[in-house]
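1. I'll drop the sequence and a predicted model, then ask my questions.
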Amino acid sequence: MKPSPLCRRWLLGLGALLAAAAAAPADNWPQWRGPTNDGICKETKLPAEWAADKNIAWKLPLPGMGGSTPVVWGDRIFLTSADGKDLVLICASTAGKALWKRKLGTGTKLFFRGEGNMASASPSTDGRHVWAFVGSGDFACFDLDGKEVWRFNAEERYGKFDIQHGMHVTPLLDGDRLYLSLLHGGGQWLLALDKATGKEVWKVGRKTDGRGEGEHSYASPCLWRKGRDAYLVVHGCDYATAHRLSDGAEIWRLGDLNPKERYNATLRFVASPVASPDLIVVPTAKNGPVVGVRPTAKGAITAGSAGEQWRRPRGTPDVPSPLIHDGLVYLCGESGTLTCLDAKTGKEHYSERLHSARYRASPVLADGKLYLTARDGVFTVVRTGPRFEKLAENRLPDSFTSSPAVSNGRIYLRGFKALYAVQEGGR
């Protein structure tokens, strides 16, 4: 029995939809924390295990160290790096071939026992242009073939940086703007820039009564969004603050992160906040508090006030940023302890030691797995969920402080010596 003309049209339409779905491109990784700026992507069929001779598609030697996460769009990868005395932006293909390199600035300073340098901020791309910022203050935009579109130096425009361990903040790309927080002893500014020209859209002062290292921030801004509502979250100098996208005006200010009655003048914030539609998780430093903030908060928020969903007095990650997924919050401590919390209550589900090493990279979640990166080249893969289940522990002979990037069935791992493409089955 032949199908009717209406049925045939329906079947043809269904087939077209299924074909389009099958051909739909995989996630790009356009900036530091991925497609939704929260360390999460929808990629599947990713490996849990790899080694120098297992599940490695290719390895690309790099001209110098760096802590920036690579970004990926289509068949192109971008990352910043030291190259002798220069700080450069590198473009490579997803086939593992170097395509071009452009000088951004100069600088050879190393920070914190050689763990960081001036190539720590991650680039970002929208598939037409790529933007890169380095610790010398140089900020530039290029097209995908490496042609320069604009550049400026943030120290020349906004004042010399006064920050103990260097400027490592990653600008946030959203729509037609780049948002940059410059919080240091010489000034505290939040900036909105036109991504097409680099020109200032607005600049607001970010007030603080912090002192010592409390005036310094290494955290990058993040974006809270739910439906059509959105605002910036900026972290550092003893506070987390929310700001309107239109003009930078402050919406709320979270305090009691470095209480004045027992003030710690060395408490600098490095880990960045992370936002989901119904919760914003704000870390601090040095085993201090972690706070779950209600996105609807307004005005001043202090410990126990209505703007807080929950507050844990201790246990913050010092450098890796938090991750929120499926009603759970994951915190990776700098000493290698993974803690899982209930997102609504802050109640602990588990706290387990991963590996005895320093952790600088932020966790990434994909394919039902958490990928956690240790400084010494050990990668722990943990199944997501309220019960701890370690799936694998992998090693590469390199040093790693940058967070992984995930795109098109691959995990990209940036070491001090090389960029590695990890894929099920290798080549």
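-> Now that the structure is in, tell me what you want to look at. Numbering: from 1, shown residues only.

2. give the contact list for the nearest residue to residue 413 once chain neighbours are set aside.
-> Leaving aside its sequence neighbours, residue 413 sits nearest to residue 420 (CB to CB, 6 or more residues apart in numbering; 4.5 Å). The C-beta positions use only the backbone N, C-alpha and C, and glycine is treated the same way. Counting by CB atoms under 8 Å, 6 or more residues apart in numbering, residue 420 touches 56, 58, 59, 60, 396, 398, 412, 413, 414.

3. where in the chain is pLDDT low?
-> Residue ranges of the chain with pLDDT under 70: 1-26.

4. Export whatever helix or strand the residue nearest to residue 413 lives in to PDB, keeping only CA atoms.
-> Per DSSP states H and E, residue 420 falls inside strand 418-423. The C-alpha trace of strand 418-423 is given here as PDB (Å, rounded to 0.1, in the frame of the first residue of the first chain):
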ATOM      1  CA  ALA A 418      52.700  21.500  23.200                       C
ATOM      2  CA  LEU A 419      49.000  21.500  22.300                       C
ATOM      3  CA  TYR A 420      47.400  18.000  22.400                       C
ATOM      4  CA  ALA A 421      44.300  16.800  20.500                       C
ATOM      5  CA  VAL A 422      42.700  13.900  22.300                       C
ATOM      6  CA  GLN A 423      40.200  11.800  20.400                       C
END
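
5. Pick the one among the contacts of residue 420 closest to residue 107.
-> The closest of those to residue 107 turns out to be residue 414 (CB to CB; 18.6 Å).

6. how close does residue 107 get to residue 155?
-> Residue 107 sits 11 Å away from residue 155, going by CB to CB, to the nearest Å.

7. Are there residues contacting both of those two? Which ones?
-> Taking CB under 8 Å, 6+ apart as the criterion, residue 107 and residue 155 both touch residue 136.

8. neighbours around residue 106, how many?
-> Neighbour count of residue 106, defined by other CB atoms under 10 Å: 15.

9. ok, and the closest non-adjacent residue to it?
-> Closest to residue 106 by CB to CB, 6+ apart is residue 85, at 5.3 Å.

10. Please apply the same query to residue 287.
-> Per CB to CB, 6+ apart, closest to residue 287 is residue 314, 5.5 Å.

11. Regarding that neighbour, which helix or strand does it belong to?
-> Of the helices and strands defined by DSSP H and E, none includes residue 314.

12. how deep is it tucked in, by neighbour count?
-> With other CB under 10 Å as criterion, residue 314 counts 10.

13. Numbering from 16 from now on, please.
-> Sure thing, new numbering starts at 16, so read that last one as residue 329.

14. mind listing the helices in the chain by residue range?
-> Counting by DSSP state H, the chain has these helices, from start to end: 20-38, 169-173.

15. Residue 414 versus residue 401, what's the distance?
-> Note on residue 401: its distance to residue 414, by CB to CB, is 32 Å.

16. Of those two, give the one with the bigger neighbour count.
-> residue 414 (17 against 12).

17. Spit out the contact partners of the more buried one.
-> 80, 390, 391, 392, 430, 431, 432.

18. Quickly name whichever of these is closest to residue 324.
-> Nearest to residue 324 among the contacts of residue 414, with distances taken as CB to CB, is residue 390, at 31.9 Å.

19. now the closest one: how far from residue 417?
-> As judged by CB to CB, residue 390 and residue 417 stand 11 Å apart.

20. which one of the two has more residues nearby?
-> residue 417 (27 against 19).

21. Show me the strands in the stretch 316-442 of the chain, by range?
-> With strands called from DSSP state E, counting those that start in this stretch, the stretch 316-442 of the chain shows them at 323-327, 338-340, 343-347, 352-357, 363-368, 379-381, 384-388, 393-398, 405-410, 420-422, 425-429, 433-438.

22. same question, the stretch 66-215 of the chain
-> Counting by DSSP E, counting those that start in this stretch, the strands of the stretch 66-215 of the chain are 71-76, 86-88, 91-98, 101-108, 113-121, 139-140, 144-148, 153-158, 163-168, 187-189, 192-199, 202-209, 215-220.

23. Which members of the contacts of residue 435 are classed as buried?
-> If you count burial by 16 or more other CB atoms under 10 Å, the buried members of the contacts of residue 435 come out as 71, 73, 74, 75, 411, 413, 427, 428, 429.

24. Who does the last one form a beta bridge with?
-> Per DSSP bridges, the residues bridged to residue 429 are residue 434.

25. okay, now the nearest residue to residue 307 once chain neighbours are set aside: neighbour count?
-> Nearest non-adjacent residue to residue 307, counting by CB to CB, 6+ apart: residue 324, 3.9 Å away. Using other CB under 10 Å, residue 324 has 19 neighbouring residues.

26. Ok, the one 3 residues further on next?
-> Neighbours of residue 327 under the rule other CB under 10 Å: 18.

27. Surely it touches residue 303?
-> No. Using CB atoms under 8 Å, residue 327 makes no contact with residue 303, being 9.6 Å away.
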